[in-house]
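Student: Let's see this in three dimensions:
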Amino acid sequence: MKKRLLLFGVLVVAWSAGLGARLWDLQVRRHPEFARRAVSQQQRVVEIAAPRGAIYDGRGRELAVSVEVESVYAAPGEVAIDRVWTAAALAPILRQNEAELARRLDSDREFVWIARKLEPEVSRRVRELALPGVYFLTESRRYYPMRELASQVLGYVGMDGEGLGGLEARYEDVVRGRSVERVLLRDALRGSVALPEHPFDEPVPGQDLHLTLDASMQYIAEKELRAAVEKSRAQSGVVIVLDPADSAVLTMATYPTFDPNAFSRYPQETWKNRAIADVFEPGSTFKMVTAAAAFESLEVSPEDPFFCENGRIVLGKTRIKDHKSFGLLTFREVMAKSSNVGVIKAALIVGDARLHATIAGFGFGRRSGIDLPGESPGIVHPVERWSKLAKAYISFGQGISVTPLQLANAFAALANGGVVHRPYLVRAIGRDGATEETPRAEPLGRAITPQTAVTLERVLETVVTAGTGRRADVPGYRVAGKTGTAEKVIPGVGYSPTARMASFVGIVPARRPRLVCLVLLDEPRGLTHGGDVAAPVFAAVMRQALLYLGVPPDPELLDPDPDLERRLGNDRGPRVLRAAAGATAAALDGEPLPAAGAEPATDEGAAGAAIAAEPGAG
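Tutor: Numbering: from 1, shown residues only. This next block holds a predicted model:
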């Protein structure tokens, strides 16, 4: 009996000693290790991104805002046993691959993102599952209330909150704000709370951008452009509207477009801002530059006669055809009827050096400096590299490549008396209602004299009243402009026999300029001339824009015609605008875009190639 008691006692002592040693090992020797494990399991240092600054249009309407949303993450160690079941429950709600989600949950890491920046309804459905090891964290998400409107201009934001295009990328350092790190503790309800013993700063929101862009005018342009592209079955289109006083961008529309709220669902080609990134041979719209050089030389005047060789001219051994057979024309008529031969003869009078200087003076061959990323400089070869025939082709817009914005800005320079400005989109930057105007850049230089600008503008009025641009007419307003129908260049091949770039650029009202508008359609089918497909878009956009802005008609053009008001659209313009704006702003709780303007509103010639015959007038 005593031996049994002694043996039991020895066993108890040994067990106690072993237990004590184990406790000492766990609580003393390995205490730091387990303390670190506890901290890693219960706490996590996360970066809290600052809300990005908002982006407003020129009248204070929200184009981009930041909203708080929930993101879902998991602690794999807590879902290891049920990871397959957890993945099966989450996958259909989050529209993720079940096997891939299960693989991510089978991890040695303490933290795994499941889904970022969820829609409220998706977040609610996940929360209702009450899954072990699945937690939520509040983040900031970029939201574009007007969806596709001006999407290529605004750009888009990636999942990590970084601007990836447009103004979002160009002004990343201004809009992003300052993020902070927080130490979070997972609570018993599987939420995340901040630890009071770990003080932290609040994220500093980014600054807001206040644009020159007008949302209502942008909507008008996008609506008309889309209709024109679809009707003509063109590949794409661009509309740009500038304020000629300082080249402020009022509208920059590109179609096809995309929704920056879900940009990854759209082809990458739609993300590109064609107004500044694409280059094209302008064709007859470039005759404005040749005419400017001719008038600047003082050797050509609007009424000078030019014999247009009955539709063809031979330079050296090369024959260049016109789109029609013209005889004797004044230079004013050369521009109105868009005669290539007549313009070539004017360029021969001007000479290489002066023509090249005028081209450079208007800003071609270099980036305009607009506050957007991805701008192309275009292609203008140095005059030393010009061939004997280069001047002839360049005079009517071949052998030179420009961006739509460069071409629009050249006409803006013409409209303001010859001074070239840097186009811009951001007028002011600020936060919490306190804004500061961004410093305006000095004019880039003078392209032509005021006298030349006035003379040329009067000549370009004839293009609309009696030339190839008749369909650009806006009743009640003088319009000066130029059509263009350029053969499209196929890289590595040459000029396409059928594909055309149809364009029109105009100034309205011509003698008191308020707006400059460019319309470009890439490869329209059926009717391909700029005067047929681009000019009507210009007229439609400008008619609505002038009414919206409250620009009065030219008094000398008004007549006692009782039908004039209907032709001008005054009896329905403001109401149509409000209805259209309301459709655009549906995401803003149905609040329509306010109409702007005066109080009473209540609210070309083709640029044909050598040898080949021209398809038609520009």
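
Student: if you average pLDDT over stretch 517-526, what comes out?
Tutor: Stretch 517-526 carries an average pLDDT of 96.

Student: If you count neighbours, what's buried in that stretch?
Tutor: 517-524 (16 or more other C-beta atoms under 10 Å). Placement of C-beta: from N, CA and C, glycine included.

Student: just stretch 218-235 next, same as before
Tutor: Those would be 218-226, 228-229, 231-232, 234, for stretch 218-235 by 16+ other C-beta under 10 Å.

Student: What is the least confident helix or strand in the chain?
Tutor: When the helices and strands of the chain are scored by mean pLDDT, DSSP states H and E, helix 573-584 comes last with a mean of 34.

Student: mind showing which ranges of the stretch 151-300 of the chain have poor pLDDT?
Tutor: Of all residues in the stretch 151-300 of the chain, those with pLDDT under 70 make up the ranges 180-201.

Student: for it, what spans make up the strands?
Tutor: 180-186, 192-194, 208-211, 236-243, 248-255 (DSSP state E, counting those that start in this stretch).

Student: Ramachandran coordinates for Glu98?
Tutor: phi -60, psi -40 (degrees, to the nearest 10).

Student: The residue nearest to it when sequence neighbours are not counted in helix, strand or coil?
Tutor: Of all residues not flanking Glu98 in the chain, Ala91 sits nearest, at 4.0 Å (C-beta to C-beta, 6 or more residues apart in numbering). Recorded secondary structure, Ala91: helix (DSSP: H, G, I helix; E, B strand; the rest coil).

Student: Can we start the residue count at 11 from this point?
Tutor: From this message on, residue numbering opens at 11, which makes the last subject Ala101.

Student: Contacts only, for Ala101.
Tutor: 107-108, 111 (C-beta atoms under 8 Å, 6 or more residues apart in numbering).

Student: Mind doing that once more with 10 Å?
Tutor: Residues counted as contacts of Ala101 (C-beta atoms under 10 Å, 6 or more residues apart in numbering) are 107-112.

Student: Now, those residues that are in strands?
Tutor: In this view, those have no member that belongs to strands under DSSP state E.

Student: Return the members of those residues classed as buried.
Tutor: 111-112.

Student: ok, so of the contacts of Ala101, who is nearest Leu559?
Tutor: Among the contacts of Ala101, Asn107 lies closest to Leu559 (C-beta to C-beta), at 51.8 Å.

Student: Am I right that the closest one is in contact with Arg113?
Tutor: Yes: using C-beta atoms under 10 Å, Asn107 makes contact with Arg113 at a distance of 9.1 Å.

Student: Could you tell me which residues touch both of those two?
Tutor: Ala97.

Student: give the contact list for the nearest residue to Leu470 once chain neighbours are set aside.
Tutor: With C-beta to C-beta, 6+ apart as the criterion, Leu470 has its nearest non-adjacent residue at 3.9 Å, and that residue is Ala490. Applying C-beta under 10 Å, 6+ apart, one finds that Ala490 lies in contact with 298, 421, 424-425, 466-475, 479, 482, 515-521, 523, 526.

Student: swap in Arg243?
Tutor: So Arg243 contacts 531, 533-536 (C-beta under 10 Å, 6+ apart).

Student: Out of these, which is nearest to Glu566?
Tutor: Leu531 (32.7 Å).

Student: quick one: which of the contacts of Ala101 is nearest to Ser150?
Tutor: Once C-beta to C-beta is applied, the member of the contacts of Ala101 that ends up nearest Ser150 is Leu111, at 24.5 Å.

Student: How confident is the prediction for that closest one, by pLDDT?
Tutor: 81.

Student: Arg137: which element?
Tutor: helix 130-139 (DSSP states H and E).

Student: Pull the residues that contact that helix.
Tutor: Counting by C-beta under 10 Å, 6+ apart, residues outside helix 130-139 touching it are 77, 79-82, 96, 99-100, 102-105, 124-125, 127-129, 144, 146, 200-201.

Student: Give me the buried positions along it.
Tutor: Neighbour-count burial for helix 130-139 [16+ other C-beta under 10 Å]: 132-133, 136-137.

Student: can you confirm Gly440 is in a strand?
Tutor: Yes: counting by three-state DSSP, Gly440 is part of a strand.

Student: can you tell me how far it sits from Ala64?
Tutor: 10 Å (C-beta to C-beta, to the nearest Å).

Student: try Gly165
Tutor: 14 Å.

Student: again with Gln228
Tutor: With C-beta to C-beta as the criterion, Gln228 and Ala64 are 17 Å apart.

Student: Then Ser161?
Tutor: Distance from Ser161 to Ala64, by C-beta to C-beta: 16 Å.

Student: Neighbour count for these two, which is higher?
Tutor: Using other C-beta atoms under 10 Å as the criterion, Ser161 and Ala64 rank with Ser161 on top: 27 against 18.

Student: show me what contacts that one?
Tutor: 73, 154, 175-176, 232, 263-264, 267-271, 273, 276, 280-281, 283.

Student: mind redoing it with 6 Å?
Tutor: Counting by C-beta atoms under 6 Å, 6 or more residues apart in numbering, Ser161 touches 267-268, 270.

Student: Nearest residue to it in space, please, no chain neighbours.
Tutor: Nearest non-adjacent residue to Ser161 (C-beta to C-beta, 6+ apart): Pro270, at 4.9 Å.

Student: For the one you found, grab the count of nearby residues.
Tutor: Residues near Pro270, counting by other C-beta under 10 Å, number 28.

Student: what's the answer for Tyr276, then?
Tutor: 17.

Student: ok, now Gly479?
Tutor: 32.

Student: Wait, it touches Gly491, no?
Tutor: Yes: if you go by C-beta atoms under 6 Å, Gly479 and Gly491 touch, sitting 5.3 Å apart.

Student: Excluding covalently adjacent residues, which one is nearest to Ala302?
Tutor: Ile458 (5.0 Å).

Student: For that neighbour, give its distance to Gly428.
Tutor: Applying C-beta to C-beta to Ile458 and Gly428 gives a distance of 4 Å.

Student: now do Lys347
Tutor: Where Gly428 is concerned, Lys347 sits at a distance of 25 Å (C-beta to C-beta).

Student: So Phe421 is in contact with Val526, correct?
Tutor: Yes: with contact defined as C-beta under 6 Å, Phe421 and Val526 form a contacting pair (5.0 Å).

Student: what's in contact with the longest strand anywhere in the chain?
Tutor: Counting by DSSP E, the longest strand found in the chain is strand 504-518. In this structure, residues lying in contact with strand 504-518 by C-beta under 6 Å, 6+ apart are 290, 295, 421, 425, 482, 484, 487, 489-498, 500, 523, 525-531, 533-534, 538, 540, 543-545, 548, 552, 619.

Student: for the helix or strand following it, packing partners?
Tutor: Per DSSP H and E, the first helix or strand lying C-terminal to strand 504-518 is strand 525-532. Using 3 or more C-beta pairs under 6 Å, 6 or more residues apart in numbering; DSSP states H and E, the elements in contact with strand 525-532 are strand 246-253, helix 414-425, strand 504-518, helix 545-559.

Student: strands paired with the third one, and their directions?
Tutor: In other words, strand 504-518. strand 490-500 (antiparallel), strand 525-532 (antiparallel) (DSSP bridges).

Student: Return that strand as PDB; C-alpha atoms alone will do.
Tutor: Output of strand 504-518 as PDB, limited to C-alpha atoms (Å, rounded to 0.1, in the frame of the first residue of the first chain):
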ATOM      1  CA  GLY A 504      -0.800  54.700 -97.900                       C
ATOM      2  CA  TYR A 505      -4.100  56.500 -98.700                       C
ATOM      3  CA  SER A 506      -7.200  54.500 -98.500                       C
ATOM      4  CA  PRO A 507      -9.200  54.600-101.800                       C
ATOM      5  CA  THR A 508     -12.500  54.900 -99.900                       C
ATOM      6  CA  ALA A 509     -12.000  55.800 -96.200                       C
ATOM      7  CA  ARG A 510     -12.400  59.500 -95.400                       C
ATOM      8  CA  MET A 511     -12.000  61.800 -92.400                       C
ATOM      9  CA  ALA A 512     -14.900  64.300 -92.600                       C
ATOM     10  CA  SER A 513     -14.700  67.500 -90.600                       C
ATOM     11  CA  PHE A 514     -16.000  71.000 -90.100                       C
ATOM     12  CA  VAL A 515     -14.500  73.700 -87.900                       C
ATOM     13  CA  GLY A 516     -16.500  76.900 -87.300                       C
ATOM     14  CA  ILE A 517     -16.700  80.200 -85.400                       C
ATOM     15  CA  VAL A 518     -20.000  81.600 -84.200                       C
END
